[in-house]
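1. next input, structure requested:
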Amino acid sequence: MFRFISQSSAPQVQLLINQTKVSVPEGTSVWAAMAQSGQRTTRLSPVTEKERSAYCAMGVCFECLVEIDGVPNRQACLTQVSEGMEINRQEITQNSIAHRDDSLSDKMQVSRIEGERVSDILAEQAIEIKGV
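-> Numbering: from 1, shown residues only. Model (predicted):
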């Protein structure tokens, strides 16, 4: 369904999209690379868990959030591909958040016993707490 309009003379970049090897011209957006490779689902809706994809493709709607190199909440339409990049569909839902919250709660309880700072544990989980 999606294809590049013209053959680019730009060097090709190799990357992984949902564990599938893809080759696209340098300077291509992550979203364009996903669409061209047939993998248009960027994330699951947090509540309904239905598949979502880019809507505006210009950075306004935030429907194109993906995980890039292990970092979630990256906008696929505004991010250019780079050599060796690993892109995965983002799957942060109510169920995954609830599971993560239980895990963090257990760690914080243990940390109070062991004398660790809760903020250190949350930092390990890449969660920012304002004022701590």
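2. where does the chain have low pLDDT?
-> 1-8, 93-132 (pLDDT under 70).
3. domains in it, by residue range?
-> 12-89, 94-124 (automatic domain parsing).
4. return the most buried member of those domains.
-> domain 12-89 (a mean of 17; mean count of other C-beta atoms under 10 Å). Just so you know, the C-beta spots here come from the backbone N, C-alpha and C atoms, and that holds for glycine as well.
5. from D69, how far out is C77?
-> Noted for C77: a distance of 17 Å to D69, by C-beta to C-beta, to the nearest Å.
6. how long is stretch 23-35 end to end?
-> For stretch 23-35, the first-to-last residue distance is 12 Å (C-alpha to C-alpha, to the nearest Å).
7. for the helix or strand hosting W31, give me every contacting residue.
-> Secondary structure from DSSP states H and E places W31 in helix 30-36. Contacting residues not belonging to helix 30-36 are listed as 1-4, 15, 17, 22, 24, 28, 40, 42, 54, 57, 64, 66, 68, 74, 76-77, 79-81, 85, 87 [C-beta atoms under 8 Å, 6 or more residues apart in numbering].
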